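In: pasting the sequence and the predicted model now:
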Amino acid sequence: MKKWIILSLSLCLALSVFGGAAVIANAATVSETQESISIEAKSALLMDYNTGSIVFAKNEKEHLPIASMVKIMTLLLTMEELESGRLHTDDMIRASENAASMGGSQAFLDAGSDYAVNELIKSIVVGSANDSCVALAEHIGGSVETFVMRMNERAKSLGMNDTIFANCTGLPGGEQYCCAHDAALMTRALISHPQFFDYSKIWMFDFAHPGGRVTQLSNTNKLIRAYEGCDGGKTGFTNEAKYCLSATAKRGNTRLISVVCGAESSKVRNAQNAKLFNYGFAHYETKQVVTAGNPLEEEYEVRGGKEKFVHAVPAQNQYVFVKKGSEANLAYQVDLLPLAAPVRQGDVIGTLKVIDGDAVVCETNLVSDRTIEKYSYIDLVDEFIANW
(Lines give C-alpha, C1' and ligand atoms only; values in the text may rest on other atoms or scores of the structure.)
Protein backbone atom coordinates (compact mmCIF):
# COMPACT_ATOMS: atom_id res chain seq x y z
CA MET A 1 0.00 0.00 0.00
CA LYS A 2 1.51 3.33 -1.06
CA LYS A 3 0.13 6.79 -0.30
CA TRP A 4 1.50 10.22 -1.16
CA ILE A 5 1.08 13.52 0.65
CA ILE A 6 2.39 16.76 -0.90
CA LEU A 7 2.89 19.64 1.52
CA SER A 8 4.06 23.20 0.93
CA LEU A 9 6.46 24.81 3.36
CA SER A 10 3.85 27.15 4.82
CA LEU A 11 1.50 24.23 5.50
CA CYS A 12 4.25 22.02 6.88
CA LEU A 13 5.18 24.47 9.57
CA ALA A 14 1.63 24.37 10.95
CA LEU A 15 1.56 20.59 11.31
CA SER A 16 2.82 18.49 14.18
CA VAL A 17 3.97 15.46 12.19
CA PHE A 18 5.50 17.11 9.14
CA GLY A 19 7.38 20.30 8.47
CA GLY A 20 10.42 21.56 6.63
CA ALA A 21 11.97 22.27 3.27
CA ALA A 22 14.32 20.72 0.79
CA VAL A 23 17.83 19.58 1.58
CA ILE A 24 20.33 22.13 0.29
CA ALA A 25 23.75 20.60 0.91
CA ASN A 26 25.43 19.87 -2.41
CA ALA A 27 28.55 20.76 -4.38
CA ALA A 28 27.16 24.18 -5.30
CA THR A 29 26.47 24.94 -1.63
CA VAL A 30 30.00 24.01 -0.57
CA SER A 31 31.50 26.07 -3.39
CA GLU A 32 29.35 29.06 -2.43
CA THR A 33 30.47 28.83 1.19
CA GLN A 34 34.14 28.51 0.25
CA GLU A 35 33.87 31.79 -1.60
CA SER A 36 32.25 33.44 1.45
CA ILE A 37 34.75 32.53 4.17
CA SER A 38 38.47 31.82 4.40
CA ILE A 39 39.81 29.33 6.93
CA GLU A 40 43.39 29.55 8.25
CA ALA A 41 44.19 25.86 8.61
CA LYS A 42 45.38 22.95 6.49
CA SER A 43 41.89 21.47 6.27
CA ALA A 44 38.41 22.07 7.63
CA LEU A 45 34.80 20.98 7.34
CA LEU A 46 31.39 22.14 8.55
CA MET A 47 28.61 19.54 8.77
CA ASP A 48 25.00 19.46 9.93
CA TYR A 49 24.71 16.78 12.61
CA ASN A 50 21.17 15.57 11.92
CA THR A 51 21.44 15.09 8.16
CA GLY A 52 25.19 14.86 7.56
CA SER A 53 24.91 17.71 5.04
CA ILE A 54 28.22 19.45 4.34
CA VAL A 55 28.24 23.24 4.08
CA PHE A 56 31.96 23.98 3.95
CA ALA A 57 35.00 21.88 3.06
CA LYS A 58 38.65 22.70 2.60
CA ASN A 59 41.07 19.88 1.73
CA GLU A 60 38.60 17.67 3.62
CA LYS A 61 40.02 14.37 2.29
CA GLU A 62 43.71 15.24 2.74
CA HIS A 63 45.53 12.63 4.84
CA LEU A 64 46.81 14.35 7.97
CA PRO A 65 47.83 13.51 11.53
CA ILE A 66 45.06 14.62 13.89
CA ALA A 67 46.82 14.05 17.23
CA SER A 68 44.40 13.52 20.13
CA MET A 69 41.33 13.77 17.92
CA VAL A 70 42.06 10.03 17.46
CA LYS A 71 40.49 9.70 20.91
CA ILE A 72 37.10 10.43 19.35
CA MET A 73 37.10 6.85 18.07
CA THR A 74 38.39 5.53 21.40
CA LEU A 75 35.49 7.27 23.12
CA LEU A 76 32.99 6.08 20.51
CA LEU A 77 33.90 2.42 21.07
CA THR A 78 33.72 3.01 24.84
CA MET A 79 30.25 4.57 24.58
CA GLU A 80 29.08 1.65 22.45
CA GLU A 81 30.36 -0.77 25.09
CA LEU A 82 28.38 1.10 27.73
CA GLU A 83 25.26 1.09 25.57
CA SER A 84 25.56 -2.66 24.95
CA GLY A 85 25.81 -3.40 28.67
CA ARG A 86 29.22 -5.04 28.32
CA LEU A 87 30.76 -2.14 30.23
CA HIS A 88 29.43 -0.11 33.15
CA THR A 89 30.51 3.26 34.47
CA ASP A 90 31.10 1.82 37.95
CA ASP A 91 33.30 -1.04 36.68
CA MET A 92 36.82 -0.89 38.07
CA ILE A 93 39.83 -1.15 35.76
CA ARG A 94 43.37 -1.87 36.93
CA ALA A 95 45.95 0.39 35.31
CA SER A 96 48.78 -1.58 33.74
CA GLU A 97 52.43 -0.55 33.62
CA ASN A 98 51.90 0.09 29.92
CA ALA A 99 49.00 2.45 30.56
CA ALA A 100 50.79 4.31 33.33
CA SER A 101 53.88 4.80 31.14
CA MET A 102 52.12 6.91 28.50
CA GLY A 103 53.54 10.36 27.85
CA GLY A 104 51.81 13.53 26.72
CA SER A 105 48.53 14.54 28.33
CA GLN A 106 47.86 12.27 31.30
CA ALA A 107 45.77 11.63 34.37
CA PHE A 108 48.99 10.18 35.87
CA LEU A 109 47.52 6.78 36.66
CA ASP A 110 49.25 4.63 39.27
CA ALA A 111 50.23 1.25 37.83
CA GLY A 112 48.44 -1.52 39.69
CA SER A 113 45.71 0.77 41.02
CA ASP A 114 42.01 0.40 40.20
CA TYR A 115 40.01 3.22 38.60
CA ALA A 116 36.29 3.55 37.81
CA VAL A 117 35.34 3.57 34.14
CA ASN A 118 33.40 6.78 34.75
CA GLU A 119 36.52 8.60 35.95
CA LEU A 120 38.67 7.28 33.12
CA ILE A 121 36.17 8.49 30.51
CA LYS A 122 35.94 11.86 32.22
CA SER A 123 39.72 12.24 32.20
CA ILE A 124 39.84 11.51 28.46
CA VAL A 125 37.03 13.86 27.45
CA VAL A 126 38.14 16.70 29.72
CA GLY A 127 41.90 16.26 30.00
CA SER A 128 42.74 14.15 26.92
CA ALA A 129 44.44 11.59 29.16
CA ASN A 130 46.55 9.15 27.11
CA ASP A 131 47.06 6.76 30.04
CA SER A 132 43.30 6.46 30.60
CA CYS A 133 42.81 5.69 26.89
CA VAL A 134 45.25 2.81 27.10
CA ALA A 135 43.68 1.48 30.31
CA LEU A 136 40.24 1.41 28.68
CA ALA A 137 41.59 -0.04 25.42
CA GLU A 138 43.31 -2.89 27.24
CA HIS A 139 40.17 -3.63 29.23
CA ILE A 140 37.73 -3.49 26.31
CA GLY A 141 39.90 -5.11 23.65
CA GLY A 142 42.09 -7.37 25.77
CA SER A 143 45.06 -5.55 24.31
CA VAL A 144 45.72 -2.19 22.71
CA GLU A 145 46.45 -3.94 19.39
CA THR A 146 43.07 -5.67 19.35
CA PHE A 147 41.32 -2.45 20.33
CA VAL A 148 43.02 -0.57 17.48
CA MET A 149 41.84 -3.27 15.07
CA ARG A 150 38.31 -2.55 16.27
CA MET A 151 38.89 1.16 15.81
CA ASN A 152 39.80 0.60 12.16
CA GLU A 153 36.85 -1.74 11.61
CA ARG A 154 34.47 0.82 13.09
CA ALA A 155 36.01 3.54 10.93
CA LYS A 156 35.28 1.53 7.78
CA SER A 157 31.69 0.93 8.90
CA LEU A 158 31.23 4.71 9.21
CA GLY A 159 32.58 5.32 5.70
CA MET A 160 35.87 6.75 6.98
CA ASN A 161 37.82 5.70 3.91
CA ASP A 162 40.72 8.09 4.45
CA THR A 163 41.68 6.97 7.95
CA ILE A 164 44.11 4.50 9.49
CA PHE A 165 44.56 4.24 13.24
CA ALA A 166 47.81 2.93 14.74
CA ASN A 167 47.03 3.63 18.39
CA CYS A 168 44.19 4.77 20.63
CA THR A 169 45.74 8.06 21.76
CA GLY A 170 46.94 9.99 18.72
CA LEU A 171 50.52 10.06 19.95
CA PRO A 172 53.07 9.93 17.11
CA GLY A 173 54.12 6.46 16.02
CA GLY A 174 53.27 4.04 13.23
CA GLU A 175 51.28 4.77 10.09
CA GLN A 176 48.34 6.82 11.26
CA TYR A 177 46.28 9.47 9.48
CA CYS A 178 42.78 10.85 9.18
CA CYS A 179 41.10 13.80 7.46
CA ALA A 180 38.62 16.53 8.32
CA HIS A 181 35.77 14.67 6.62
CA ASP A 182 36.37 11.45 8.54
CA ALA A 183 36.86 13.31 11.81
CA ALA A 184 33.41 14.81 11.32
CA LEU A 185 31.92 11.37 10.64
CA MET A 186 33.28 9.85 13.84
CA THR A 187 32.34 12.95 15.84
CA ARG A 188 28.80 12.63 14.51
CA ALA A 189 28.70 9.00 15.66
CA LEU A 190 30.12 9.88 19.09
CA ILE A 191 27.69 12.70 19.86
CA SER A 192 24.75 10.47 18.94
CA HIS A 193 25.36 9.04 22.44
CA PRO A 194 23.75 11.53 24.87
CA GLN A 195 25.96 10.26 27.69
CA PHE A 196 28.96 11.88 26.00
CA PHE A 197 27.60 15.32 26.91
CA ASP A 198 27.61 14.38 30.61
CA TYR A 199 31.40 14.60 30.31
CA SER A 200 32.06 17.10 27.51
CA LYS A 201 30.50 20.09 29.31
CA ILE A 202 32.70 19.68 32.42
CA TRP A 203 35.12 22.59 32.70
CA MET A 204 37.40 21.32 35.46
CA PHE A 205 37.54 18.43 37.92
CA ASP A 206 39.83 16.69 40.38
CA PHE A 207 40.83 13.19 39.29
CA ALA A 208 41.21 11.25 42.55
CA HIS A 209 43.70 8.39 42.80
CA PRO A 210 43.18 5.45 45.19
CA GLY A 211 46.14 6.54 47.32
CA GLY A 212 44.63 9.97 47.95
CA ARG A 213 46.64 11.88 45.37
CA VAL A 214 44.64 14.25 43.12
CA THR A 215 45.28 15.33 39.52
CA GLN A 216 43.46 18.50 38.51
CA LEU A 217 42.24 18.38 34.91
CA SER A 218 40.69 21.21 32.89
CA ASN A 219 38.82 20.98 29.60
CA THR A 220 41.09 21.34 26.59
CA ASN A 221 38.13 22.52 24.47
CA LYS A 222 37.90 26.16 25.51
CA LEU A 223 34.98 26.79 23.13
CA ILE A 224 32.55 25.26 25.63
CA ARG A 225 32.91 28.53 27.53
CA ALA A 226 33.89 30.87 24.71
CA TYR A 227 31.24 30.02 22.10
CA GLU A 228 27.47 30.12 22.61
CA GLY A 229 25.97 26.65 22.13
CA CYS A 230 29.24 24.72 22.08
CA ASP A 231 28.84 21.74 24.38
CA GLY A 232 31.44 19.25 23.24
CA GLY A 233 34.43 18.39 21.13
CA LYS A 234 37.94 17.00 21.10
CA THR A 235 41.16 18.90 20.67
CA GLY A 236 44.50 17.64 19.42
CA PHE A 237 48.07 18.88 19.20
CA THR A 238 51.45 17.50 18.22
CA ASN A 239 54.31 19.27 16.48
CA GLU A 240 53.44 17.39 13.30
CA ALA A 241 49.65 17.74 13.45
CA LYS A 242 49.66 21.35 14.72
CA TYR A 243 46.43 22.44 16.43
CA CYS A 244 43.24 20.48 15.69
CA LEU A 245 39.69 20.55 16.99
CA SER A 246 36.46 18.77 16.16
CA ALA A 247 33.67 20.57 18.02
CA THR A 248 29.90 20.61 18.11
CA ALA A 249 27.47 23.41 18.91
CA LYS A 250 23.69 23.59 19.05
CA ARG A 251 21.27 26.49 18.69
CA GLY A 252 17.56 25.73 18.51
CA ASN A 253 17.04 22.57 16.45
CA THR A 254 20.33 23.05 14.60
CA ARG A 255 23.42 21.16 15.72
CA LEU A 256 26.61 21.65 13.73
CA ILE A 257 29.97 19.87 13.69
CA SER A 258 33.03 21.96 12.89
CA VAL A 259 36.45 20.38 12.21
CA VAL A 260 39.71 22.29 11.88
CA CYS A 261 43.04 20.50 11.31
CA GLY A 262 46.52 21.95 11.19
CA ALA A 263 46.08 25.46 12.60
CA GLU A 264 49.17 27.35 13.74
CA SER A 265 48.02 27.99 17.31
CA SER A 266 45.22 27.13 19.69
CA LYS A 267 43.95 30.71 19.38
CA VAL A 268 43.78 30.42 15.58
CA ARG A 269 42.19 26.97 15.81
CA ASN A 270 39.43 28.17 18.12
CA ALA A 271 38.79 31.24 15.99
CA GLN A 272 38.45 29.14 12.83
CA ASN A 273 35.98 26.76 14.46
CA ALA A 274 33.97 29.73 15.70
CA LYS A 275 34.05 31.27 12.21
CA LEU A 276 32.60 28.08 10.72
CA PHE A 277 29.90 27.89 13.38
CA ASN A 278 29.02 31.54 12.86
CA TYR A 279 28.57 31.03 9.14
CA GLY A 280 26.49 27.88 9.60
CA PHE A 281 24.11 29.31 12.18
CA ALA A 282 23.72 32.57 10.27
CA HIS A 283 22.81 31.01 6.92
CA TYR A 284 21.24 27.58 7.60
CA GLU A 285 18.85 25.84 9.91
CA THR A 286 17.66 22.34 10.66
CA LYS A 287 13.93 21.68 10.43
CA GLN A 288 12.21 18.64 11.87
CA VAL A 289 10.05 16.99 9.21
CA VAL A 290 8.92 13.87 11.08
CA THR A 291 8.13 13.57 14.78
CA ALA A 292 8.67 10.20 16.41
CA GLY A 293 5.68 8.83 18.31
CA ASN A 294 3.15 11.15 16.66
CA PRO A 295 0.60 8.93 14.84
CA LEU A 296 -0.36 9.64 11.24
CA GLU A 297 -3.98 10.76 10.96
CA GLU A 298 -5.20 8.00 8.67
CA GLU A 299 -6.25 4.61 10.06
CA TYR A 300 -4.99 1.47 8.31
CA GLU A 301 -7.02 -1.71 8.09
CA VAL A 302 -5.84 -4.96 9.70
CA ARG A 303 -7.27 -8.18 8.26
CA GLY A 304 -8.53 -10.89 10.61
CA GLY A 305 -8.17 -8.93 13.83
CA LYS A 306 -10.33 -8.38 16.87
CA GLU A 307 -9.97 -4.69 16.03
CA LYS A 308 -10.11 -3.43 12.47
CA PHE A 309 -7.61 -0.56 12.35
CA VAL A 310 -4.23 0.67 13.58
CA HIS A 311 -2.51 4.02 13.38
CA ALA A 312 1.00 4.15 11.92
CA VAL A 313 3.56 5.88 14.16
CA PRO A 314 6.99 7.17 12.98
CA ALA A 315 9.74 5.39 14.88
CA GLN A 316 12.33 8.18 14.67
CA ASN A 317 12.56 11.93 14.30
CA GLN A 318 13.72 13.04 10.87
CA TYR A 319 15.21 16.35 9.77
CA VAL A 320 16.17 18.40 6.74
CA PHE A 321 18.90 21.05 6.59
CA VAL A 322 17.90 24.20 4.73
CA LYS A 323 19.08 27.63 3.78
CA LYS A 324 17.28 30.22 5.87
CA GLY A 325 14.34 31.74 4.02
CA SER A 326 14.09 28.93 1.47
CA GLU A 327 10.76 27.45 0.41
CA ALA A 328 9.96 24.10 -1.17
CA ASN A 329 7.32 21.41 -1.52
CA LEU A 330 8.02 18.01 -0.02
CA ALA A 331 6.31 14.73 -0.78
CA TYR A 332 5.63 12.26 2.00
CA GLN A 333 5.24 8.65 0.87
CA VAL A 334 3.71 5.99 3.12
CA ASP A 335 4.57 2.39 2.16
CA LEU A 336 2.68 -0.17 4.25
CA LEU A 337 3.29 -3.88 4.58
CA PRO A 338 0.27 -6.22 4.26
CA LEU A 339 -1.45 -5.93 7.65
CA ALA A 340 -2.93 -9.11 9.08
CA ALA A 341 -3.49 -10.01 12.74
CA PRO A 342 -1.81 -10.59 15.05
CA VAL A 343 -0.07 -7.20 15.17
CA ARG A 344 1.89 -6.14 18.25
CA GLN A 345 2.32 -2.58 19.45
CA GLY A 346 5.69 -1.41 18.11
CA ASP A 347 5.77 -3.89 15.21
CA VAL A 348 7.19 -2.39 12.02
CA ILE A 349 4.28 -2.05 9.59
CA GLY A 350 5.83 0.13 6.88
CA THR A 351 8.03 3.10 6.07
CA LEU A 352 7.55 6.85 5.78
CA LYS A 353 9.73 8.58 3.16
CA VAL A 354 10.28 12.31 2.78
CA ILE A 355 10.97 13.09 -0.87
CA ASP A 356 12.37 16.17 -2.59
CA GLY A 357 11.95 15.86 -6.33
CA ASP A 358 13.30 12.43 -7.25
CA ALA A 359 15.45 12.07 -4.14
CA VAL A 360 14.49 10.41 -0.85
CA VAL A 361 15.64 12.99 1.69
CA CYS A 362 15.10 10.79 4.73
CA GLU A 363 12.95 7.90 5.88
CA THR A 364 11.91 6.09 9.01
CA ASN A 365 10.03 2.94 9.96
CA LEU A 366 6.35 3.14 10.81
CA VAL A 367 5.22 1.06 13.77
CA SER A 368 1.81 0.00 15.05
CA ASP A 369 0.29 2.12 17.81
CA ARG A 370 -1.49 -0.87 19.36
CA THR A 371 -1.71 -4.62 19.71
CA ILE A 372 -4.44 -6.38 17.75
CA GLU A 373 -5.03 -10.06 18.44
CA LYS A 374 -6.16 -12.49 15.78
CA TYR A 375 -9.91 -13.05 15.50
CA SER A 376 -10.37 -16.75 16.42
CA TYR A 377 -13.10 -19.36 16.04
CA ILE A 378 -13.92 -18.95 19.75
CA ASP A 379 -14.36 -15.21 19.20
CA LEU A 380 -16.78 -16.00 16.38
CA VAL A 381 -18.80 -18.29 18.65
CA ASP A 382 -18.81 -15.74 21.49
CA GLU A 383 -20.01 -13.06 19.10
CA PHE A 384 -22.73 -15.33 17.77
CA ILE A 385 -23.94 -16.08 21.33
CA ALA A 386 -23.81 -12.42 22.31
CA ASN A 387 -25.96 -11.47 19.34
CA TRP A 388 -28.43 -14.39 19.62
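Out: Looks like it arrived, so ask away.
In: what about the closest residue to Ile202 other than its chain neighbours, which helix or strand?
Out: Excluding the flanking residues, the one nearest Ile202 by C-beta to C-beta, 6 or more residues apart in numbering is Val126, at 5.2 Å. Backbone N, C-alpha and C define where each C-beta goes, glycine included. Per DSSP states H and E, Val126 falls inside helix 117-127.
In: first-to-last residue distance for stretch 92-100?
Out: One end of stretch 92-100 sits 16 Å from the other (C-alpha to C-alpha, to the nearest Å).
In: so what's the residue nearest to Ile202 up against?
Out: Val126 makes contact with 199, 202, 204-205, 217-220 under the criterion C-beta atoms under 8 Å, 6 or more residues apart in numbering.
In: can you tell me which of those residues is nearest Gly262?
Out: In terms of C-beta to C-beta, no member of the contacts of Val126 lies closer to Gly262 than Thr220, at 17.0 Å.
In: number of nearby residues for that closest one?
Out: A total of 19 residues lie near Thr220 under the criterion other C-beta atoms under 10 Å.
In: nearest residue to it in space, ignoring adjacent ones along the chain?
Out: Thr235 (4.3 Å).
In: can you get me a residue count around the spatially closest residue to Ala67 that is not a sequence neighbour?
Out: For Ala67, ignoring the flanking residues on the chain, the nearest one in space by C-beta to C-beta, 6+ apart is Gly236 at 3.1 Å. Close neighbours of Gly236, defined as other C-beta under 10 Å, add up to 26.
In: and Gly212, by the same measure?
Out: Neighbours around Gly212, by other C-beta under 10 Å: 6.
In: roughly how far does it sit from Glu373?
Out: The gap separating Gly212 from Glu373 is 62 Å, by C-beta to C-beta, to the nearest Å.
In: His63 too?
Out: Taking C-beta to C-beta, one finds His63 at 58 Å from Glu373.
In: check Leu330 too.
Out: Using C-beta to C-beta, we find Leu330 at a distance of 37 Å from Glu373.
In: more crowded one of these two?
Out: Shown here are Leu330 and Glu373; by other C-beta under 10 Å, Leu330 has more neighbours (23 against 14).
In: so what pLDDT did that one get?
Out: Leu330 is assigned a pLDDT of 87 by the prediction.
In: surely it is in contact with Asp356?
Out: Yes. Using C-beta atoms under 8 Å, Leu330 is in contact with Asp356, at 6.0 Å.
In: helix or strand right after the helix or strand containing Asp198?
Out: Applying DSSP H and E as the criterion places Asp198 in helix 196-200. The helix or strand immediately downstream of helix 196-200 is strand 204-208, counting by DSSP H and E.
In: what's that following strand packed up against?
Out: Secondary-structure packing of strand 204-208 (3 or more C-beta pairs under 8 Å, 6 or more residues apart in numbering; DSSP states H and E): helix 117-127, strand 214-218.
In: in it, what's buried?
Out: Of all the residues in strand 204-208, those buried under the rule 16 or more other C-beta atoms under 10 Å are 205, 207.
In: chain center to that strand, what's the gap?
Out: What separates the centre of strand 204-208 from the centre of its chain is 27 Å, taken as C-alpha atoms, centre = their mean, to the nearest Å.
In: direction included, what does that strand pair up with?
Out: In the sheet containing strand 204-208, its partner strands are strand 214-218 (antiparallel), by DSSP bridges.
In: need the contact partners of the strand it pairs with.
Out: With C-beta under 8 Å, 6+ apart as the test, strand 214-218 has contacts from 106-108, 123, 126-127, 129, 203-209.
In: at 7 Å what do you get?
Out: 107-108, 123, 126-127, 203-208 (C-beta atoms under 7 Å, 6 or more residues apart in numbering).
In: and the furthest pair within these?
Out: Using C-beta to C-beta, the pair of these lying farthest apart is Phe108 and Trp203, separated by 19.8 Å.
In: now Arg154: how far from Ala184?
Out: When distance is defined by C-beta to C-beta, Arg154 is 15 Å away from Ala184.
In: quick one: buried residues of stretch 132-152?
Out: By neighbour count on 16+ other C-beta under 10 Å, the buried set for stretch 132-152 is 132-141, 144, 147-148, 150-151.
In: what mean pLDDT does it get?
Out: Stretch 132-152 shows a mean pLDDT of 98.
In: flag the shaky bits of the chain, pLDDT-wise.
Out: Within the chain, the stretches falling below the threshold (pLDDT under 70) are 1-35, 328, 376-388.
In: any idea how it splits into domains?
Out: According to automatic domain parsing, the chain comprises the domains 2-17+291-377, 27-284.
In: what's the most buried one of those domains?
Out: Highest mean neighbour count of the domains of the chain: domain 27-284, a mean of 20 (counted as mean count of other C-beta atoms under 10 Å).
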